[in-house]
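> Turn this into a structure:
(chains A, B, C and D, ligands or ions: 6)
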Amino acid sequence: METLRIKDIQSIILQIKNIIDSNQDKLMELDSVMGDGDLGFTMTKAFAAAHEEAVKSEEKIPGKLLTRLGIVIAKTSPSTMGTLIATGFMKGGKSIDSYDEIGPEELAYFFEAFARSIMDRGKSVPGNKTIIDTLFPAAEALRSSANESLVKSISAAREASLKGLDASTKMKAQHGRAAYYQDNSIGKQDGGATVGTYIIEGFYRHITQLSI
Amino acid sequence: METLRIKDIQSIILQIKNIIDSNQDKLMELDSVMGDGDLGFTMTKAFAAAHEEAVKSEEKIPGKLLTRLGIVIAKTSPSTMGTLIATGFMKGGKSIDSYDEIGPEELAYFFEAFARSIMDRGKSVPGNKTIIDTLFPAAEALRSSANESLVKSISAAREASLKGLDASTKMKAQHGRAAYYQDNSIGKQDGGATVGTYIIEGFYRHITQLSI
Amino acid sequence: MNDPVHFVDEMLQGILIAHPDQLTTVDGNLRCIVKTNKEKKNKVGIATGGGSGHLPLFLGYVGDGLLDGCAVGGVFQSPSSDQMLEVTKSIDQGAGVLYIYGNYGGDIMNFDMAAEMADMEGIKVAQVIAGEDVASAPKGEEGKRRGVAGIFYAFKIAGALAGEMASLEEVKRIAEKTCANIRTMGVALTACIVPEAGRASFTIGDNEMEIGMGIHGEPGIRRGALQKADDIVQQMADKILADLPYEKGDEVSVLLNGLGATPKEELYIMARKLHEILKAKGISVFNTYVGEFATSMEMAGASISLLKLDGELKRLLSKPANSPFFTQVQL
Amino acid sequence: MNDPVHFVDEMLQGILIAHPDQLTTVDGNLRCIVKTNKEKKNKVGIATGGGSGHLPLFLGYVGDGLLDGCAVGGVFQSPSSDQMLEVTKSIDQGAGVLYIYGNYGGDIMNFDMAAEMADMEGIKVAQVIAGEDVASAPKGEEGKRRGVAGIFYAFKIAGALAGEMASLEEVKRIAEKTCANIRTMGVALTACIVPEAGRASFTIGDNEMEIGMGIHGEPGIRRGALQKADDIVQQMADKILADLPYEKGDEVSVLLNGLGATPKEELYIMARKLHEILKAKGISVFNTYVGEFATSMEMAGASISLLKLDGELKRLLSKPANSPFFTQVQL
Ligand SMILES: Nc1ncnc2c1ncn2[C@@H]1O[C@H](COP(=O)(O)OP(=O)(O)O)[C@@H](O)[C@H]1O
Ligand SMILES: Nc1ncnc2c1ncn2[C@@H]1O[C@H](COP(=O)(O)OP(=O)(O)O)[C@@H](O)[C@H]1O
Ligand SMILES: [Mg+2]
Ligand SMILES: [Mg+2]
Ligand SMILES: [Mg+2]
Ligand SMILES: [Mg+2]
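Ligands and ions are numbered 1, 2, ... in the order given. Take a look at the predicted model:
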């Protein structure tokens, strides 16, 4: 499999949904430490809605479907993370809506736009201890391996996102509720950054499964 | 000693004050069961003020002094019991303010007016489980022994008030907060009736002490 | 909180300093509160009084189109007849003074004494005692019922009529008529805490409630497990509606009162159910008040009051009013 | 409470049925609340939005002389950009719409999205973000501060100017100016309880308090033993006064806000001390608001806000306003 189509997007969203569902308590917990503890709840809600939409949508272009998912997430999950991810899907999808299928090159476009739009919306940059610290390195890894196979490039992205998660834990939070904790945020794992790894993980599981 | 004068009134008020003070917790407790629990507090306040006034007042006529005490109690203790006792002292004092000294006859007048004015103010009658159930029998005993010595008549009054207290415990409350408890009030000792016995007891202690 | 002994006086000082244009004392006596701007000559004065710890009751209704003065007692304690007399003398404009207060023994006795003393000073006084808590005495013994949040309606309506320069007799009549048409039921979820005691004088379990409890913690009609808001409202409404009774075709004003610690959100959830019940019964709602009108320190709980309206009551209820605690534009 | 899942919708149904003359929905969407009577053509519309559980915030300030519409989120949750857009379209009278809301990440992102969408539909939108909680970020980092009870002043003053048919730029300017002159400090005595969680997400001991805690339980600046009201007010005032700073000769409006479970009596005791402190500093008080303006479910606690006034702000603050939750006559 060298490209992703509608069926693949549907399966990827299901993968992400499953990962989120089985980590609901963990997200709850991470967000409780320096937030309001709703992250597990809003993420399961967001991806349940996204999955429902992905299954029933008649959209034929992967990028357009991804944009639709963003619109649905924005309506159902207006929390910080919900809105950011919604923005990511909308702008990421838009960046590739002229392609019928997604190869390594388009996947890089998608995540670049995804990460960039979150940075715009959240007025944040890498190093702020947010979802960007896992998604931005992943997008960079996709860019550098864009001429490799899908499996190779998503594997590189996965590795980058996990490294990013480790790095972000050592950072000091600058945005959202976590920022109120200032230096106390150092050493604590960020919920949003964790969600970033789950999104990449969903793509990774689908792509590697099919290749086996 | 066959009559009471200003000095005696002062001493009697001190006696009542002492009895009330040493029974503050008990009154608190009685009023807690079927009331708001403030009786111990309002009564110590009332008699502290009355005592202060009795000591510093320049009044020469016992009846007038007793009326003054009522006025002071009305100001400092506007609770039910404070207002009723204030009324009793005011009207009781008024009923004998043409006498220079208080003998058994005048003492009967005093407590008759005392009890009667409380019944008027409280729209209550004997049998309603109130202070009236100890003061009214005491006034009646004073009336029947008005031609005996002060010691004898106050002793009779004391006995009547204590019997009245026993009887009132078996009654059902009709007035004040205790009335909300309806049948549940039966068998419980009434705080106001208890205060009635303390007032009589104050007179009794002073009169019998001096006679020994 | 500071020293509980100064609780009432510090509160009064705060109120006076926060609202100097609206409230003042009688000759510096903190416990005797009157309007800063005296009313017109010959307007009937209206006074109330009662224990502290119930804000906005009682002094919160001293204002334009409402009351003229208030004697303020200690927490849950009656003010003295003395204070009442001072207020009476201060607000009398030659047309007499009406006392409107709640049906509590201590208050009645003190207001009676004050009325007698005012009479001796040549001031005409009339009295109306509010008692509308259906949980506090059975039908047929209305005279024994406690006065609770519904007294607000008597203040509002009598105040509006007095503002039209009606006579003492007229103002008394309308206050009595108002009181006769109100019914209230309360529910308590936690106990109230009196500052001087520092602790609750009774307890209600975490998952318990008491329907019909009075605003000083007087016993209610049923203690039980905490129920859904809708079920609680249903029980309260059943009691209230059957009592007057309020019937198909009646028009009412609704008051949803929080006892102090209950979020407004919950009061509106109750309002929703109450409106549903009234609609099903064919009783129409003229207007709805939601908020804290009579509280009990930190008690969690609420009460529902209904006032059955006719043209006269509706007209007076609709008039504007303005105090530091209650402001209404013309409805 | 009924089922916590329906908490917000049932509350909204209650509010709408209790105040049908004043509030309504946009096309039946409960979470999009606007005034029942549309405003004049060319009046700038003002919208707010935010999480539920803070009544009267946010929708309680939709009313005459105040706001035109509000997007309502779940408890402590931002409403969606979608809802905001619906409200925006409904209240735009051709002169554009101003968003005034609190400085919380989720809300900002959603209002930003809504503004972009409104722009695409040809509606001019401007935004003012209120953040005045001095405990939430140090001086110099004002932009990071949370918006709390003081936002009331921005609603009141911007609403008054919009009513005078000022332009969007003008209304934005006055809202910004108001926000720049407010400072707030809060103190919490108990935790807030989110209905869906059913329990407090953090605890404050019986004899503890936290100075500077946010209205969602965000960390404050000091957790410690419960102190006397006067001492607490002193600390809060010290922080506030030094921050703007408010100085001798300044004139301020004071807002003493209860967080939900604190008796009004206590708020006035605090008001007393605050006035004393201001007087000693030579700062004069134009007026004082005391009550619940921004709450946090059943949280016990209070906040103090000061607004530094000039002639323009004073004139606008004094104008009448009327919503189901806040009514003021001309001061
Ligand atoms: N400005 C921002 N830019 C990017 N990510 C952010 C920003 N603010 C917060 N985040 C991310 O959002 C996560 C919290 O999301 P969420 O629980 O939805 O927030 P809230 O409940 O406060 O709305 C954080 O862990 C962080 O990764
Ligand atoms: N109407 C009444 N007439 C006579 N005595 C009364 C009346 N009502 C109450 N009492 C007496 O008052 C006592 C309670 O007094 P107190 O504690 O001062 O009342 P409260 O605290 O309710 O004002 C009762 O025990 C009863 O004896
Ligand atoms: Mg969160
Ligand atoms: Mg008592
Ligand atoms: Mg009492
Ligand atoms: Mg959240």
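> Report the contact partners of the nearest residue to residue C:145 once chain neighbours are set aside.
Leaving aside its sequence neighbours, residue C:145 sits nearest to residue C:131 (Cβ to Cβ, 6 or more residues apart in numbering or on different chains; 3.8 Å). Just so you know, the C-beta spots here come from the backbone N, C-alpha and C atoms, and that holds for glycine as well. By Cβ atoms under 8 Å, 6 or more residues apart in numbering or on different chains, the contact set of residue C:131 is C:102-103, C:142-147, C:179.
> for those residues, which one is nearest chain D?
Nearest to chain D out of these is residue C:102 (Cβ to the nearest Cβ; 18.0 Å).
> Tell me if I'm right that that closest one and residue C:127 touch.
No - contact criterion Cβ atoms under 8 Å: residue C:102 and residue C:127 do not qualify, at 11.9 Å.
> Tell me which of these two has more neighbours.
Just comparing residue C:102 and residue C:127: by other Cβ atoms under 10 Å in any protein chain shown the higher neighbour count belongs to residue C:102, 28 against 18.
> Tell me which helix or strand residue 15 sits in.
No chain specified, so I'll use chain A. Assigned by DSSP states H and E, residue A:15 falls within helix A:6-22.
> that's the other chain; I wanted chain C
Short version, using DSSP H and E: residue C:15 is in helix C:7-18.
> elements contacting that helix?
Using 3 or more Cβ pairs under 8 Å, 6 or more residues apart in numbering or on different chains; DSSP states H and E, the elements in contact with helix C:7-18 are strand C:23-26, strand C:29-35, strand C:45-52, strand C:69-75, helix D:264-281, strand D:284-291.
> Now mean pLDDT too, for the ones you listed, in a markdown table please.
Formatted as a markdown table, those follow (pLDDT from 0 to 100):
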| stretch | mean pLDDT |
| --- | --- |
| strand C:23-26 | 98 |
| strand C:29-35 | 98 |
| strand C:45-52 | 98 |
| strand C:69-75 | 97 |
| helix D:264-281 | 98 |
| strand D:284-291 | 98 |
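> Check what pLDDT the nearest residue to residue A:200 once chain neighbours are set aside gets.
Excluding the flanking residues, the one nearest residue A:200 by Cβ to Cβ, 6+ apart is residue A:161, at 4.5 Å. The confidence metric pLDDT takes the value 98 at residue A:161.
> Report the contact partners of residue A:161.
A:134-135, A:137-138, A:196-197, A:200-201 are the contacts of residue A:161 under Cβ under 8 Å, 6+ apart.
> got the residues of chain A near ligand 3?
A:31, A:35-36, A:38-39 (Cβ under 5 Å from the ion).
> hmm, which two among the residues you listed are most spread apart?
Greatest spacing in the residues of chain A next to ligand 3, by Cβ to Cβ: A:36 and A:39 (8.4 Å).
> before we move on, the earlier item: nearest to ligand 3 among the contacts of residue A:161?
Nearest to ligand 3 among these: residue A:196, at 15.0 Å, using Cβ to the ion.
> Between its first and last residues, what's the separation in stretch C:28-47?
Terminal residues of stretch C:28-47 lie 18 Å apart, using Cα to Cα, to the nearest Å.
> what does stretch C:132-141 give?
Stretch C:132-141 end-to-end distance (Cα to Cα) = 11 Å.
> quick one: contacts of it?
B:180, C:143-148, C:150-151, C:179, C:182-186, C:211-214, C:218, C:220-221, C:239-240, C:243, C:305.
> now do stretch C:26-36
C:8-9, C:12-13, C:15-16, C:20-25, C:59, C:62-64, C:68-73, C:79, C:83, C:86-87, C:89-91.
> From the residues you listed, list just the buried residues.
Buried residues within these, counting neighbours by 16 or more other Cβ atoms under 10 Å in any protein chain shown: C:8-9, C:12-13, C:15-16, C:22-25, C:59, C:62-64, C:68-73, C:79, C:83, C:86-87, C:89-91.
> hang on, the earlier thing: in which helix or strand would I find the residue nearest to residue A:200?
Per DSSP H and E: helix A:150-169 holds residue A:161.
> what comes up buried for that helix?
A:150-151, A:153-158, A:160-165, A:167-169.
> now do stretch C:195-212
For stretch C:195-212, a neighbour-count test (16+ other Cβ under 10 Å) marks C:195, C:197, C:200-201, C:204, C:209-212 as buried.
> pull the CA atoms of it into PDB?
The C-alpha atoms that make up stretch C:195-212 are tabulated as PDB, following Å, rounded to 0.1, in the frame of the first residue of the first chain:
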ATOM      1  CA  PRO C 195     -21.900  32.400  63.600                       C
ATOM      2  CA  GLU C 196     -21.900  32.600  67.400                       C
ATOM      3  CA  ALA C 197     -22.400  28.900  67.700                       C
ATOM      4  CA  GLY C 198     -19.900  28.300  64.900                       C
ATOM      5  CA  ARG C 199     -21.400  24.900  64.100                       C
ATOM      6  CA  ALA C 200     -24.700  23.600  62.800                       C
ATOM      7  CA  SER C 201     -27.200  23.000  65.600                       C
ATOM      8  CA  PHE C 202     -28.500  20.000  63.600                       C
ATOM      9  CA  THR C 203     -27.200  17.900  60.700                       C
ATOM     10  CA  ILE C 204     -28.500  16.600  57.500                       C
ATOM     11  CA  GLY C 205     -26.600  13.800  55.900                       C
ATOM     12  CA  ASP C 206     -24.700  14.200  52.700                       C
ATOM     13  CA  ASN C 207     -27.300  12.300  50.700                       C
ATOM     14  CA  GLU C 208     -30.300  13.400  52.800                       C
ATOM     15  CA  MET C 209     -32.700  16.300  52.500                       C
ATOM     16  CA  GLU C 210     -35.600  17.500  54.600                       C
ATOM     17  CA  ILE C 211     -38.800  18.700  53.000                       C
ATOM     18  CA  GLY C 212     -40.600  21.500  54.800                       C
END
